[in-house]
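**Student:** Pasted the sequence and its predicted model underneath.
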Amino acid sequence: MADTIDLIDHLLSDLKKVGGVEACAAASRDGLLIRAIMQKEQISESFAAMSATMLGAAETATTELGKGIPNRIVVEAEHGRLIVVGAGPKALLIVLIDPSIGLGLILLELEKAAEKLKELLT
Amino acid sequence: MIETGVPKLDEFLAGGIPKGKSLIYYIQPGVEGEVFGMQTVYNSLKSGGTCVFVASSTIPEIIKTQFKEFGWDIGPYQKKLFFVDAYNPLIGVPSNEKYVVQNPDRIDEFNKTILNILKELPPSTIVFGSLSTVMDLCGEKETIDAVRNWNKMAMLYDHIMVYNFTAWPYSQETLDTIRKDLFNAVISIGGIAERVIFGQYFGISKSDWTNETKKSMLFRVLRPGGIRLFIPKILVTGPFDAGKSTFVHALSSRAISVDRLGTTIALDHGHIDYKGFSADIFGTPGQERFDPIIKLLSGESMGVFLIVDSTNPTDFVRAKHMLEITKSYGLPYVVIANKQDLSGALTPAEIRKQFNLPDDVPIVPAVAKDKIGIFEAFEVLLDKITGGI
């Protein structure tokens, strides 16, 4: 048990080191926070719940239209970007990034991390 | 009798730990269990008791800092709290404490100090910060024999013995003796990784002064705050315009909502700290077009509030349907008869009849916008949740 938590912490702290990543978190598909690295710790639970809702709503919308499951959702705001990706059937991964940074490297690292998280939880 | 200070645990133990008894917190490696012994010390001090803390895994100064981190001010209790320093001598540093174990790798030195305390002090609570470290230094069998003797002496002199013990891979015989034989009560503390909730739980695996065994509770450790019982998810659901969001906001110490044109479209999320409990609350939308999201977010709930508008009996069918789509049947649930302040509001008894609800489902009358009835409802649901596991 403790080992899995340690591994998830490790995975998140690696992700946090990628240039431009301001905060990141792992949550369950139904909106419960697993772990987060972010400054405002007290809001990390609602951050997880809202991100799971967005991803869930997006998946429902696109699958209803017969367009398949979305790879990720990207939310663009004035002072930051929020990206949510699914990590297997149980979990999802969220990053908050600086809006001036290009997405390329971050998306790549995010996919890798999501794949790892999926493995950790099976 | 002293209280452990751990919410619900005292209730499970029929009030706390009686004089002359011994209790062990049996902790799975990797779980934050040491706080249990500390919370018991602080609580006992607060109610006027004398306490001894045996520091064997680190220096007393660090333990004092840890008390501070939990927000427990031990300053006023200087004359009531004694530390046994069984660490500084190990690293060759002189100790400032009144009681010192000169050679912490020898059980007879421990014996000398502990027996001295047992005879000298008035009836006290004696807490071992880490019995496993003592065992590592002095040997398994030697430690068990010594503990057996201390517990006997404690019974004679009306002391209460409390031990933190981390269950490292000792010999099976040692672990069995500790779990079954050596103490009056054993509280197991462990972790779960079921599905994806990473939680920690405690439960009574033995207690010879009550019959309450096998009850267990999830908890988390807050700094400051100490042990809080933890309920990862409580669902708030019900038909359109029943007052779900109002209820979530009224109950929570902080909450956020995603709403447009006055109705929730994604979810309400709130967090509550109340009477030693900490819970996250998820409120669903009520309109049928959001049903797919409701299904998605309602997993892993531990209890449900079903909110109904008492003035609108035609909605009761939809309310029942919502229990189905949230898969709430089988979970503890409480019906909130909201909007009791409006004229034409049905009484809980009338609602029970119209709704055809079984007698064991509580119906709590409430006015969510004025915070009337909501904390009562929370307590009723907590009782249902904690009684059920």
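**Tutor:** Alright, I've got the coordinates.

**Student:** Name the single longest helix found in chain A.
**Tutor:** helix A:44-64 (DSSP state H).

**Student:** Can you tell me what sits against that one?
**Tutor:** For helix A:44-64, contacts defined as CB atoms under 8 Å, 6 or more residues apart in numbering or on different chains pick out A:25, A:27-34, A:36, A:38, A:68-70, A:73, A:75, A:82, A:84, A:86, A:92, A:94, B:256, B:258, B:266-267, B:269, B:271, B:280, B:282, B:292-293, B:296-297. Glycine gets a C-beta too; all of them are placed from N, C-alpha and C.

**Student:** From those residues, which land in helices?
**Tutor:** B:292-293, B:296-297.

**Student:** Switch these over to CSV; also include pLDDT.
**Tutor:** Converted to CSV, these look like this (pLDDT from 0 to 100):
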residue, pLDDT
B:292, 80
B:293, 79
B:296, 78
B:297, 79
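
**Student:** and chain A, which of those residues contact it?
**Tutor:** Within the set of the ones in helices among the contacts of helix A:44-64, contact with chain A (CB under 8 Å from any CB of the partner chain) is found for B:292-293, B:296-297.

**Student:** and the closest residue to residue B:298 other than its chain neighbours, how many neighbours does it have?
**Tutor:** Nearest residue to residue B:298 in three dimensions, chain neighbours excluded: residue B:326, at 4.0 Å (CB to CB, 6 or more residues apart in numbering or on different chains). For residue B:326, the neighbour count with other CB atoms under 10 Å in any protein chain shown is 23.

**Student:** Next one, pLDDT for the residue of chain B at minimum distance from chain A please.
**Tutor:** Of all residues in chain B, residue B:30 sits closest to chain A, at 2.9 Å by CB to the nearest CB. At residue B:30, the pLDDT value in this model is 82.

**Student:** Now do it against residue B:103, distance only.
**Tutor:** Distance from residue B:30 to residue B:103, counting by CB to CB, to the nearest Å: 30 Å.

**Student:** returning to that earlier point: give me the buried entries from the contacts of helix A:44-64.
**Tutor:** A:25, A:27-34, A:36, A:38, A:70, A:73, A:82, A:84, A:86, A:92, A:94, B:256, B:258, B:266-267, B:269, B:271, B:280, B:282, B:292-293, B:296-297 (16 or more other CB atoms under 10 Å in any protein chain shown).

**Student:** what's the helix or strand for residue B:67?
**Tutor:** helix B:60-69 (DSSP states H and E).

**Student:** just checking, what packs against that helix?
**Tutor:** helix B:34-46, strand B:51-55, strand B:81-85 (3 or more CB pairs under 8 Å, 6 or more residues apart in numbering or on different chains; DSSP states H and E).

**Student:** so which of the ones you listed comes closest to residue B:369?
**Tutor:** Of all these, the one in closest proximity to residue B:369, counting by CB to CB, is helix B:34-46 (37.2 Å).

**Student:** pLDDT weak spots in chain A?
**Tutor:** Along chain A, the model assigns pLDDT under 70 to residues A:1-2.

**Student:** how about a cut-off of 90?
**Tutor:** Chain A contains residues with pLDDT under 90 at A:1-6, A:19, A:28-34, A:38-50, A:52-54, A:56-65, A:68-69, A:89-90, A:99-104, A:120-122.

**Student:** So what's the residue count around residue 91?
**Tutor:** You didn't pick a chain, so chain A it is. 21.

**Student:** could you do chain B instead?
**Tutor:** Residues near residue B:91, counting by other CB under 10 Å: 8.

**Student:** Quick check: it vs residue B:58, distance?
**Tutor:** 10 Å.

**Student:** Can you pull the residues that touch both of the two?
**Tutor:** With the criterion set as CB under 8 Å, 6+ apart, the contacts of residue B:91 and residue B:58 do not overlap.

**Student:** Quick check: residues of chain A near chain B?
**Tutor:** Counting by CB under 8 Å from any CB, the residues of chain A near chain B are A:1-5, A:28-32, A:34-35, A:42, A:45-46, A:49-50, A:52-54, A:56-57, A:60, A:64, A:90-91, A:121.

**Student:** among those residues, which ones are buried?
**Tutor:** Applying 16+ other CB under 10 Å to the residues of chain A next to chain B flags A:1, A:5, A:28-32, A:34-35, A:45-46, A:49-50, A:52-54, A:56-57, A:60, A:90-91, A:121 as buried.

**Student:** hang on, the earlier thing: what would the helices and strands packed on helix B:60-69 look like in CSV with mean neighbour count, distance to residue B:189 and mean pLDDT?
**Tutor:** Putting the helices and strands packed on helix B:60-69 into CSV (neighbours: other CB atoms under 10 Å in any protein chain shown; distance: least, CB to CB, whole Å; pLDDT from 0 to 100) gives the following:
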stretch, mean neighbour count, distance to residue B:189, mean pLDDT
helix B:34-46, 23, 7, 95
strand B:51-55, 26, 19, 96
strand B:81-85, 24, 23, 95
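
**Student:** can you put those in JSON lines and add distance to residue B:111?
**Tutor:** Below are those laid out as JSON lines (distance: least, CB to CB, whole Å):
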{"stretch": "helix B:34-46", "distance to residue B:111": "21"}
{"stretch": "strand B:51-55", "distance to residue B:111": "12"}
{"stretch": "strand B:81-85", "distance to residue B:111": "12"}
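
**Student:** out of these, nearest to residue B:237?
**Tutor:** The nearest among these, by CB to CB, is helix B:34-46 at 34.7 Å.

**Student:** hey, where'd the strands end up in the stretch 101-250 of chain B?
**Tutor:** B:125-128, B:160-166, B:185-192, B:199-207, B:216-222, B:226-237 (DSSP state E, counting those that start in this stretch).

**Student:** Turn those strands into a markdown table, including distance to residue B:116, mean pLDDT and mean neighbour count.
**Tutor:** Listed next are the strands of the stretch 101-250 of chain B as a markdown table, based on distance: least, CB to CB, whole Å; pLDDT from 0 to 100; neighbours: other CB atoms under 10 Å in any protein chain shown:
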| stretch | distance to residue B:116 | mean pLDDT | mean neighbour count |
| --- | --- | --- | --- |
| strand B:125-128 | 12 | 96 | 26 |
| strand B:160-166 | 15 | 96 | 26 |
| strand B:185-192 | 25 | 88 | 21 |
| strand B:199-207 | 29 | 87 | 19 |
| strand B:216-222 | 33 | 85 | 19 |
| strand B:226-237 | 30 | 90 | 23 |
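
**Student:** If anything else comes up later, I'll come back, but that's it for now.
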